[in-house]
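Undergrad: everything below, folded, please.
(one chain, ligands or ions: 1)
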Amino acid sequence: MAVIGFIGLGNMGGPMAANLVKAGHQVVGYDLVPAAIDAAKAAGVTIGESPAAIAAAAEVVITMLPGGRHVLGVYGDIVPVSRPGTLLIDCSTIDVDSARKAHALAAEQGAASLDAPVSGGVGGASAGTLTFMAGGEADAFERARPILEAMGKKIVHCGGAGAGQAAKICNNMILGISMIGVCEAFVLAEKLGLSHQALFDVSSTSSGQCWSLTSYCPVPGPVPASPANRDYQPGFAAALMLKDLKLAQEAAQSAGAPTPLGAAAAQLYAMMNAQGEGGTDFSGIIRMLRGEG
Ligand code: NAD
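TA: Numbers count the residues shown, from 1 in each chain. Have a look, this model is predicted:
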C-alpha cells in the first residue's frame, strides 16, 4: 500500500481521502480550513505540516482544490521537492490550459502526472462510486488506476495531458444545456395544461429521453430521488454548474469551437447565481425559467 499525500480535504477531498484510508493506504493530508482537517483526522488521515513536507515523503500526491490557480500554486510548492518518479494526480475541475501547465511543471521535475477530474458529486465521493476521467501518459494512468479504484467505480483514460479536463467540461456542457431544455419543456407543459407525470411518461420513453429527465427530473414526483423533491437542496449546486460552463466557454474560445447553446446555458446559470441561488441545486433553474422568485 502506498503513502499518499492528499491536498484539499473539502466536500469532495475529505471523503475521497477517507476511502483511501479504508482501502489500507497511509494518507497524509493538508487543508487550510480547521474543520476540514478535523473531519479528515477523524477518518484516519494523518495531517502533514505543509504541502511541500507531504510531497517530499509521498509516492503519490493527490490534489482536490477549487480552481486552476490553487492547483498551480500548490504545484509550485510540491513539484520542486517531489522525488523523481512521484505520481501527481490532480482531481480538481480546472481549465484545460492550467491542467497542461501542471503536467509541464511535473515533467520538468521527472514526476509522472495525471489530470483526473471526477463526476458523481459528494454522494459519489462518500460512497466511493465516482467516475474519473484521466488525461496523461499511459504509464501514469496504469500506476494511478488501483488508487483511483479505491475512490471510484469507473476509471476512463481519455487521452494525453488535459484530456480528462476536456472530457469533464464537454460532459457538463451537455448536462447544463440538457437540464435547461428539460426545464423549458416542463414550463411549457404547465402552460399548456399537461401534467408533469404525463410529460415524463411520454418523454422518458421517447426521443426526448436524457439523464436530466430520467435520473434528475427537475419537477417533484416522477423521480423520487431528484433534488426537486427536497426543495432543490444540492446535489450539484448552480454555482458549480456555472463554474464548469465558464470553463467550457473559455476552452471553446481558446480552441475556436462554436458553442452557442453552451454560451446561452452559461448566461442563464450566471443569472441564477446573480439572483442569490448559487447554493441551490442546478435543476432549480426551472424556478427562474417560470419567473418565480
Ligand atoms: P471545497 O471548497 O469543499 O474543497 C476545496 C478545499 O481545498 C477546501 O477545503 C479548501 O480549504 C482547500 N484549499 C484551497 N486552497 C488550498 C491550499 N492552497 N492548500 C490546501 N488546501 C486548500 O470544494 P469541493 O466541493 O471539494 O470541490 C473540489 C473540486 O472538485 C473543485 O474543483 C470542484 O469543481 C470539483 N468537483 C466538485 C463536485 C461537488 O459536487 N462538490 C463534483 C465534481 C467535481
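
Undergrad: what segments of this protein are strands?
TA: Secondary structure of the chain (DSSP state E): strands located at 3-7, 26-30, 46-47, 60-63, 87-90, 112-115, 118-119, 130-136, 152-159.

Undergrad: okay, those strands in CSV with distance to the ligand, mean neighbour count and mean pLDDT next?
TA: In short, each C-beta sits where N, CA and C put it, glycine included. Shown next, in CSV, are those (distance: least, CB to the nearest ligand atom, whole Å; neighbours: other CB atoms under 10 Å; pLDDT from 0 to 100):
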stretch, distance to the ligand, mean neighbour count, mean pLDDT
strand 3-7, 5, 26, 97
strand 26-30, 5, 25, 98
strand 46-47, 11, 14, 98
strand 60-63, 8, 26, 98
strand 87-90, 9, 28, 98
strand 112-115, 11, 28, 98
strand 118-119, 5, 20, 94
strand 130-136, 8, 26, 98
strand 152-159, 11, 18, 98
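
Undergrad: can you redo the ones you listed as JSON lines with distance to Phe200?
TA: Formatted as JSON lines, the strands of the chain follow (distance: least, CB to CB, whole Å):
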{"stretch": "strand 3-7", "distance to Phe200": "41"}
{"stretch": "strand 26-30", "distance to Phe200": "43"}
{"stretch": "strand 46-47", "distance to Phe200": "48"}
{"stretch": "strand 60-63", "distance to Phe200": "40"}
{"stretch": "strand 87-90", "distance to Phe200": "39"}
{"stretch": "strand 112-115", "distance to Phe200": "37"}
{"stretch": "strand 118-119", "distance to Phe200": "24"}
{"stretch": "strand 130-136", "distance to Phe200": "26"}
{"stretch": "strand 152-159", "distance to Phe200": "27"}
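
Undergrad: any idea which of the ones you listed gets closest to Ile54?
TA: strand 3-7 (3.9 Å; CB to CB).

Undergrad: which bits of the stretch 1-150 of the chain sit near the ligand?
TA: Residues of the stretch 1-150 of the chain that fall close to the ligand, judged by CB under 6 Å from any ligand atom: 7-13, 30-33, 36, 64-66, 70, 73-74, 92-93, 118-119, 121-122.

Undergrad: for stretch 3-11, measure first residue to last.
TA: Using CA to CA, to the nearest Å, the end-to-end distance of stretch 3-11 comes to 22 Å.

Undergrad: number the residues from 142 up from this point.
TA: Sounds good: first residue 142 from here, last item stretch 144-152.

Undergrad: distance from the chain centre to it, please.
TA: From the chain centre to the centre of stretch 144-152 is a distance of 15 Å (CA atoms, centre = their mean, to the nearest Å).

Undergrad: the bottom helix or strand of the chain by mean pLDDT?
TA: Sorting the helices and strands of the chain by mean pLDDT, DSSP states H and E puts helix 262-268 at the bottom, at a mean of 92.

Undergrad: which helices and strands sit right next to it?
TA: Packing contacts for helix 262-268, counted by 3 or more CB pairs under 8 Å, 6 or more residues apart in numbering; DSSP states H and E, involve helix 154-163.

Undergrad: neighbouring contacts of the helix it packs on?
TA: Applying CB atoms under 8 Å, 6 or more residues apart in numbering, the contact partners of helix 154-163 are 145, 147-148, 150, 168, 170, 172, 177, 180-181, 184-186, 203, 205-206, 232, 263, 266-267, 269, 271, 288, 291-292.

Undergrad: in the chain, which residue sits nearest the ligand?
TA: Using CB to the nearest ligand atom, the single residue of the chain nearest to the ligand is Gly151, 1.9 Å away.
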